[in-house]
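# No letters, just coordinates:
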């Protein structure tokens, strides 16, 4: 998949903002958006979590969850061998059942991209076509504390190595200090760095790190800011900060995406990442997506789970639905 | 296949073991009624559930007499601490049997199982737990030391929250030391009768709680009965008015919780996504069969179009259907009669020039249903802006300034509840201060807690239920010579008095006590 073009993103932002994206203009715009009532938001998320997904719906949901997973390894201890193992799991999640769908992408550090691309071979490609994309975290992940030059070099290198998707982090310090213009410019610059020589572009996921933004009002503003600056996806977390993805935060980001779509017609993706380990929880996210932005969002280019251990729990549930009984952790493979 | 067409997820009815017919619960036993029995049916399918006995005046006499005996001999002499023990026991039994009660409630009333499971039944248990805690602390109820119970309470409750309204009535009455005769609504007697079983299971002294079923005339006979010291009624303003007239000039104390036409005021700085949820919860919760429902939406003109548009989108996602399906949002209308009234008022709305919009949902073939509906372009003089519809119908009006919002909100003969949506705390407080309504919610709606008093202004009734104030409705200040409720007088209760009771037309043997923890 490829991201939206930079020029249209900037033009759109200027039109929406009615001026240059400097601190003052952005502040006026972002602070003019209706606030979030925390109690009400959490109640709504909890209510969506009570949906009861059974039988055929559950079967569909489990398969869909697998096809929306960004299978992730982001450790200091990562090696080419570990990445190859991850890729093998991504291609054949359940060796015992050939009907199991593939995951959407593997998500690795930038220096691991060549190994992932190599291991995927012919299966490397667009998840909408049933292939597997390579996503790379970049921009001094996870803290983002580095100069813009280094962030851009980090991004460009990952793209050059064959990454299809870039998961960048925003500068939370700048955001919390009210320097919205700086955050906007950095996202826009990274978006530019996602461009390939042939004119196509890697898709850009913007990580808000909601655990550091703390308030729902901040999450809403950061979501708007990231979309205005050209992000193709907004992503909750790096997985390195707690709390990571939560259902209320994801619901809030989906509401922003829905409102943006109503306003501009453009569809932005959402990726909750970190802390989603159980099928039951993942199904709650599917329900929340379907009932907030619509079922059409449940596609790899509009919704992803950033997860590692989730996949095996889904496979266990899937086996249970097929065989009628629960197996155990030794009946699914570790990657 | 569409994911959003969730596969059916019905709650199992297997947990219910209903009898084919139910008698009256008088003096701790189920007895035959002497009126003409009637059937209770499921409003979602119109299928018969059970045959229910009807109480005639002789049965009402028996029930009141049983309550009087229990009051004189047992309950009024028991220490508050011991009364509290019984209430705690009832609360725990309700929790143990929560699923069963939820299924019965949804079956009989038509409300979605997710509401009976997540709202009604947990609140019922909470109400009993809360007032159980009060039973030995009545000196702190605000009426001075040693307040006394009133005696026998006649309680008549509506069909919209059958078990919850029972809890609102019985829990404070028993905590305060009264005995009760309660009449559930004709269309929804089932959970009250299951509650009678819980009363038996809890080994409550006979006669402390009596439940008599029947139609309006049973309720009227109960309210008019000379042996009654207190009347508590929840229901329509018309009936409430009749009760007020009937008890005028007697010594009976009265609390009435009647109709409402609540304003839900949305300011332009409201947290809009949550406000939409709140509007939906305010009027479409329980199919709008809520006396405090936010049936008049007052929205600031500057955001009117946006709010209505978002509301329509949200309503389009509501699921109407089988109340026992765990994914149902909107259940059945409780009765054909109520559906008729909703239809009539909605037609009046159209005739008066309001614009009607109904959510596009499939209406099941059998049963009573009404699609969630909103009326825009409603004027304050329209019937749908004045009269209580008691159904899933929202009237949308606009305002320009806070003063206009307050004036329009107060311009109703009712005054039960109101809602305010704004991000500005100072505005919420200033507006709430000027609204004449018993309950005012800020940035939420239809939230209940046993510690919070509930009741109305004007034609919405008088007296308060819930909280310390709710106790006041079942207590009087100590009179000279009235005795202390000290634990020393705790009485050798049930066993002794049971022998003195006259022979009854016993209908079913008392069930073995199933693990009522003591």
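Here it is on my side, so go on. Being a predicted model, the structure only gives us computed values, none of them experimental.
# quick one, what contacts the residue in the stretch 1-150 of chain A that chain B sits nearest to?
For the stretch 1-150 of chain A and chain B, the shortest gap (C-beta to the nearest C-beta) falls at residue A:40, measuring 3.0 Å. Glycine gets a C-beta too; all of them are placed from N, C-alpha and C. Residue A:40 makes contacts with B:271, B:273-275, B:277-278, B:443-444, as judged by C-beta atoms under 8 Å, 6 or more residues apart in numbering or on different chains.
# Pull out the buried residues from the host helix or strand of it.
Taking DSSP states H and E as the definition, residue A:40 sits inside helix A:38-48. With burial defined by 16 or more other C-beta atoms under 10 Å in any protein chain shown, the residues of helix A:38-48 counted as buried are A:38, A:40-45, A:48.
# Average the pLDDT values over it and round to the nearest integer.
Taken as a whole, helix A:38-48 has a mean pLDDT of 98.
# For that helix, what is the distance to the chain centroid?
22 Å (C-alpha atoms, centre = their mean, to the nearest Å).
# buried residues in whichever helix or strand comes after that helix?
Per DSSP H and E, the first helix or strand lying C-terminal to helix A:38-48 is helix A:55-67. Within helix A:55-67, the residues scored as buried using 16+ other C-beta under 10 Å are A:57-62, A:64-67.
# can you check stretch B:239-252 too?
B:239-240, B:243-244, B:247, B:252.
# and what of stretch A:175-195?
A:175, A:179-195.
# For the closest residue to chain A within the stretch 101-250 of chain B, what is the enclosing helix or strand?
Nearest residue of the stretch 101-250 of chain B to chain A: residue B:114, at 6.0 Å (C-beta to the nearest C-beta). Residue B:114 belongs to helix B:113-115 when assigned by DSSP H and E.
# Can you name every helix or strand that the helix or strand following that helix contacts?
As assigned by DSSP H and E, the chain's next helix or strand after helix B:113-115 is helix B:121-134. Applying 3 or more C-beta pairs under 8 Å, 6 or more residues apart in numbering or on different chains; DSSP states H and E, one finds that helix B:121-134 contacts helix B:80-96, helix B:98-109, helix B:162-175, helix B:467-472.
# deepest of those helices, which one?
With neighbours defined as mean count of other C-beta atoms under 10 Å in any protein chain shown, those peak in mean count at helix B:162-175, which reaches a mean of 27.
# Rounded mean pLDDT for that one, please.
The model assigns helix B:162-175 a mean pLDDT of 98.
# Now do it: which elements does it pack against?
helix B:80-96, helix B:98-109, helix B:121-134, strand B:152-156, strand B:179-183, helix B:190-201, strand B:230-234, helix B:467-472.
# Can you tell me what sits against the second one?
Okay, so that is helix B:98-109. Counting by C-beta under 8 Å, 6+ apart, B:11-13, B:15-16, B:18, B:40, B:42-43, B:49, B:94, B:111-113, B:115-117, B:120-122, B:124-125, B:159-160, B:162-163, B:187-191, B:194, B:323-324, B:331, B:334 sit against helix B:98-109.
# Then the last one?
If you take C-beta under 8 Å, 6+ apart as the criterion, helix B:467-472 is touched by B:131, B:134, B:138, B:140-143, B:168, B:172, B:175-176, B:450-455, B:464.
# Need phi/psi at the residue nearest to the spatial centre of chain A.
What sits nearest the mean C-alpha location of chain A, by C-alpha atoms, centre = their mean, is residue A:271, with 2.9 Å. With angles defined as degrees, to the nearest 10, residue A:271 sits at phi -130, psi 100.
# Flag every residue of the stretch 201-350 of chain B that's near chain A.
B:269-275, B:277-278, B:317, B:326-327 (C-beta under 8 Å from any C-beta of the partner chain).
# Find the residue at the geometric middle of chain B.
residue B:165 (3.0 Å).
# I'd say the residue nearest to the centre of chain A and residue A:204 touch.
No. With contact defined as C-beta atoms under 8 Å, residue A:271 does not reach residue A:204; the gap is 11.5 Å.
# which neighbours do the two share?
Counting by C-beta under 8 Å, 6+ apart, the residues touching both residue A:271 and residue A:204 are residue A:233.
# re earlier: let's have the buried residues of helix A:38-48 in JSON lines, adding distance to residue B:303.
JSON lines is the format used below for these (distance: C-beta to C-beta, whole Å):
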{"residue": "A:38", "distance to residue B:303": "21"}
{"residue": "A:40", "distance to residue B:303": "17"}
{"residue": "A:41", "distance to residue B:303": "19"}
{"residue": "A:42", "distance to residue B:303": "23"}
{"residue": "A:43", "distance to residue B:303": "22"}
{"residue": "A:44", "distance to residue B:303": "19"}
{"residue": "A:45", "distance to residue B:303": "24"}
{"residue": "A:48", "distance to residue B:303": "25"}
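# Near the one residue in the stretch 201-350 of chain B that gets nearest to chain A, how many other residues are there?
The stretch 201-350 of chain B approaches chain A most closely through residue B:274 (3.0 Å), counting by C-beta to the nearest C-beta. For residue B:274, the count of nearby residues is 25 (other C-beta atoms under 10 Å in any protein chain shown).
# Now it: phi and psi?
Dihedral angles for residue B:274 - degrees, to the nearest 10 - are phi -70, psi -30.
# contacting residues around it?
Contacts of residue B:274 by C-beta under 8 Å, 6+ apart are A:36-37, A:39-41, A:44, B:421, B:443.
# Alright, calling it a day.
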